[in-house]
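Participant: structure for this input, please:
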Amino acid sequence: MADADRAEEFSDEERRSIEPYFTNLDGPVFALRNLPEVVKGALFARYSRSPKSLRRLFVDEFLDQIGIPTDTTVVGVQRADKLYERVFDEYGDDSVAQLGGAHLACEGASNILTKILEWGRLMAYLEQSTRYIAYNDRRGGRWKYLVPAELDNHPLRAQFVACLDHAFEVYARWIEPMERHFQLKHPRDPADSDAVYARTIRAKALDTLRGLLPAATQSSVGLFGTGQAYEALLLRMRVDPLDEVRRCADLMLLELRKVIPSFLKRIDRPDRGGRWSAYLNDTHTATQALAERLLADVPAEPRPEVVLTDYDPDGEVKVVAAALYAASQLPDDQLLRVVRGMNRESRAEVLEAYVGQRENRRHKPGRAFERTSYRFDILTDYGAFRDLQRHRLLTLEWQRLHPRHGYVVAESIDAAGARSDWARVMDESAALHDALHAAGLSHVAPYAVSMAYRVRFYMDLNAREALHMIELRTTPQGHPSYRRVCQEMHRLIAEQAGHRAIASAMRFTDHSHVELARLHAERAGERRRESRLSSD
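Facilitator: Residues are numbered from 1 along each chain as shown. Prediction:
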């Protein structure tokens, strides 16, 4: 988490003005309160593209639009707390914890911690972007990365700091040359404003260079979740081997108890949360020990970046049957038998009617598409993994980040003359990882790994979620890495699984090659801004 010397500074007047809206004004973890839900959502959305802390952003852009809060919120929490205790004690009905939630900010979190914070499937997240924010600010004379507490007074701490300092120095030094490279390669269209062109070129440069940043790079995450979702997350975090994660869990619990205290009473009770956390820790430790014993001598076979490892050959037939279910009176098994007897043209007709005339990617077919699923094994750069990992609803697990799978290098790195600097950062990152691992700090070693290194993970998702994710992540403004992954997923669904009708329903999947990913979105954003100004 963020260090004490990076605490946000506010004037006395600012502190008095914003104190009612946050559970604290100095710590890296805090909850939002006394704000309309729409303001919380807008604040988090703006947060993801701003280098500012959430509280500073609120002062600069939101405070003058917010009215004076009353103390009714505090009274309401106290009354609700008593009511919840009575309901739980009398009925044991803790499902009410699904119906109350909180907005929480975690600032100064490493990119290792952000993935743990974003583990839950029933929460919402916004994370500061590596595309819109340049990580070249040396606030307090330090680059924006975490030095793990496990390295305090350790002989490898100096090597860790030197290695990461160099990675950030190379990243910062190449931003302007990379912008000039793309300006020469892609001259401004006279129809585009200077602002649109500058933002597009900037995003392209930052996209290209983000692989230099280590996993210890600090970011900020906005979370919204129910009491039940926070409970599940904190139970897991409290037994994590990393000091950063456990400290963050303690801070989260402290702040959440200021806004939803009733929903989190069991977490640190030895007979409840203590036992749950111990169970999670025991199963993880036992499985890890067995994996090391049984798989230590089994080498990993080479694989493409994306592999479709499991699917149902009969999936499309089942989706057609599911599409007809609510419109019929037949039992599920009989309906499936009837659909199996249909010819291909009749089944295609059903799916065509069920999908309808989708005018944009937000028009999605219904739950029948949840009747079949796909399991993909993916080996791609950590930067792309970060973006795909936040998707819901699906099952996703990842392996520990290390340098053994190699790293990716964009063609533009070679073209701009940055290859030798890039390779040196990668080599130093791998050497530091290996040194930490050899010193018995294997759980800390991933902090040292640059985001250009590959990580292996799987995604198991039904066709409805696949449609949503693939269409969203192949839009022209997307990052090239995850666009490539999702384009291949779409191809495999059509060709390997043979689910061509399902793949055809994903009609907004974009397989084009795009050089300036943000240009279309920046143009659209400028048109919207101009339209707003003209209507005011």
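
Participant: any idea where the helices of the stretch 301-450 of the chain begin and end?
Facilitator: For the stretch 301-450 of the chain, helices defined by DSSP state H, counting those that start in this stretch occupy the ranges 315-325, 332-340, 344-355, 382-388, 411-415, 419-438.

Participant: contacts for the shortest one next, please.
Facilitator: Contacts of helix 411-415 with the rest of the structure, by C-beta atoms under 8 Å, 6 or more residues apart in numbering, involve Met178, His181, Phe182, Lys185, Thr208, Arg419, Trp422. Where you see a C-beta, it was placed from the backbone N, CA and C, and this is true even at glycine.

Participant: could you do the fourth one as well?
Facilitator: Taking contacts as C-beta under 8 Å, 6+ apart, the residues outside helix 382-388 that touch it are 111, 114-115, 127, 130, 210-211, 215, 378, 396, 398, 401, 449-455, 457, 459, 469, 473, 479, 481-482, 485.

Participant: cool, the third one as well?
Facilitator: For helix 344-355, contacts defined as C-beta under 8 Å, 6+ apart pick out 316-317, 319-320, 323-324, 339, 365-366, 368, 501-502, 505.

Participant: can you check the last one too?
Facilitator: Counting contacts by C-beta under 8 Å, 6+ apart, the residues outside helix 419-438 that touch it are 156, 159-160, 163, 166-167, 170, 173-174, 211-212, 214, 402-403, 407, 409, 413, 442, 444-446, 448-450, 452-453.

Participant: re earlier: just the buried members of the contacts of helix 382-388?
Facilitator: Among the contacts of helix 382-388, the ones that count as buried by 16 or more other C-beta atoms under 10 Å are 111, 114-115, 127, 130, 210-211, 215, 378, 396, 401, 449-455, 457, 459, 469, 473, 479, 481-482, 485.

Participant: in strands, which of these fall?
Facilitator: Among the buried ones among the contacts of helix 382-388, DSSP state E puts Glu127, Ile378, Leu396, Arg454, Val455, Phe457, Met459 in strands.

Participant: got the contact list for the residue nearest the centre of the chain?
Facilitator: Nearest to the mean C-alpha position of the chain, counting by C-alpha atoms, centre = their mean, stands Arg390 at 3.5 Å. Taking C-beta under 8 Å, 6+ apart as the criterion, Arg390 is in contact with Glu118, Tyr125, Glu127.

Participant: from those, which is closest to Glu530?
Facilitator: Glu127 (29.3 Å; C-beta to C-beta).

Participant: from memory Arg500 sits against Ala494, does it?
Facilitator: Yes - in this structure Arg500 lies within contact range of Ala494 using C-beta atoms under 8 Å: 5.1 Å.

Participant: of the two, who's got more company?
Facilitator: Ala494 (17 against 13; other C-beta atoms under 10 Å).

Participant: surely that one touches Ala505?
Facilitator: No - in this structure Ala494 lies outside contact range of Ala505 using C-beta under 8 Å: 10.7 Å.

Participant: helix/strand/coil for Arg507?
Facilitator: Counting by DSSP: H, G, I helix; E, B strand; the rest coil, the backbone at Arg507 sits in coil.

Participant: pull the number of nearby residues for it.
Facilitator: 13.

Participant: also the one 10 residues further on?
Facilitator: Neighbour count for Ala517, taken as other C-beta under 10 Å: 20.

Participant: and Leu388, how close does it get to Glu150?
Facilitator: According to C-beta to C-beta, to the nearest Å, Leu388 and Glu150 sit 28 Å apart.

Participant: returning to that earlier point: ok, which of the helices of the stretch 301-450 of the chain comes nearest Gly227?
Facilitator: The nearest among those, by C-beta to C-beta, is helix 382-388 at 26.9 Å.

Participant: tell me where the stretch 201-350 of the chain has strands.
Facilitator: 218-226, 306-311 (DSSP state E, counting those that start in this stretch).

Participant: Ser219 bridge partners, please.
Facilitator: Ala109 (DSSP bridges).

Participant: check what pLDDT it gets.
Facilitator: If you check Ser219, the pLDDT there is 94.

Participant: cool, and Val514?
Facilitator: 87.

Participant: swap in the one 3 residues further on?
Facilitator: pLDDT, the model's per-residue confidence, is 80 for Ala517.

Participant: ditto for the one 5 residues further on
Facilitator: Glu522 is assigned a predicted lDDT (pLDDT) of 85.

Participant: got the contact list for the nearest residue to it once chain neighbours are set aside?
Facilitator: Once flanking residues are discounted, Glu522 sits nearest to Val196: 4.5 Å by C-beta to C-beta, 6 or more residues apart in numbering. Taking C-beta under 8 Å, 6+ apart, we find Val196 in contact with Leu519, Glu522, Arg523, Glu526.

Participant: any idea how far the one helix or strand Val196 maps to is from the chain center?
Facilitator: Under the criterion of DSSP states H and E, Val196 resides in helix 194-209. In terms of C-alpha atoms, centre = their mean, to the nearest Å, the centre of helix 194-209 is set 22 Å apart from its chain centre.

Participant: quick one: terminal-to-terminal distance for stretch 250-264?
Facilitator: Stretch 250-264 has its terminal residues 12 Å apart, counting by C-alpha to C-alpha, to the nearest Å.

Participant: tell me the buried residues in that stretch?
Facilitator: By neighbour count on 16+ other C-beta under 10 Å, the buried set for stretch 250-264 is 251-253, 255-264.

Participant: what do you get for stretch 487-500?
Facilitator: Quick answer for stretch 487-500 (16+ other C-beta under 10 Å): Gln487, Glu488, Met489, His490, Leu492, Ile493, Ala494, Ala497, His499.

Participant: grab the nearest non-local neighbour of Met237.
Facilitator: Leaving aside its chain neighbours, Met237 sits nearest to Ala249 (3.7 Å; criterion: C-beta to C-beta, 6+ apart).

Participant: next, work out how far apart that neighbour and Val29 are.
Facilitator: 9 Å.

Participant: kindly report the same for Gln218.
Facilitator: Gln218 is 13 Å from Val29, where distance means C-beta to C-beta.

Participant: before we move on, the earlier item: report the two of the buried residues of stretch 250-264 separated the most.
Facilitator: Counting by C-beta to C-beta, the most remote pair of the buried residues of stretch 250-264 is Leu251 and Ser262, 19.4 Å apart.

Participant: of the contacts of Val196, which is the nearest to Asp240?
Facilitator: The shortest gap between Asp240 and any of the contacts of Val196 belongs to Glu522, at 39.2 Å (C-beta to C-beta).

Participant: which stretches of the stretch 151-300 of the chain form helices?
Facilitator: Under DSSP H, counting those that start in this stretch, the stretch 151-300 of the chain gives helices at 157-185, 194-209, 227-237, 243-256, 275-295.

Participant: so for Asp510, which of the ones you listed sits nearest?
Facilitator: helix 194-209 (16.9 Å).

Participant: now that closest one: mean pLDDT?
Facilitator: Helix 194-209 carries an average pLDDT of 94.

Participant: can you point out the buried residues in it?
Facilitator: Neighbour counts over helix 194-209 (16+ other C-beta under 10 Å) mark 196-197, 199-209 as buried.

Participant: turn those residues into JSON lines, columns for distance to Glu107.
Facilitator: What follows is these, written out as JSON lines (distance: C-beta to C-beta, whole Å):
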{"residue": "Val196", "distance to Glu107": "30"}
{"residue": "Tyr197", "distance to Glu107": "32"}
{"residue": "Arg199", "distance to Glu107": "25"}
{"residue": "Thr200", "distance to Glu107": "28"}
{"residue": "Ile201", "distance to Glu107": "29"}
{"residue": "Arg202", "distance to Glu107": "23"}
{"residue": "Ala203", "distance to Glu107": "23"}
{"residue": "Lys204", "distance to Glu107": "27"}
{"residue": "Ala205", "distance to Glu107": "25"}
{"residue": "Leu206", "distance to Glu107": "20"}
{"residue": "Asp207", "distance to Glu107": "23"}
{"residue": "Thr208", "distance to Glu107": "26"}
{"residue": "Leu209", "distance to Glu107": "23"}
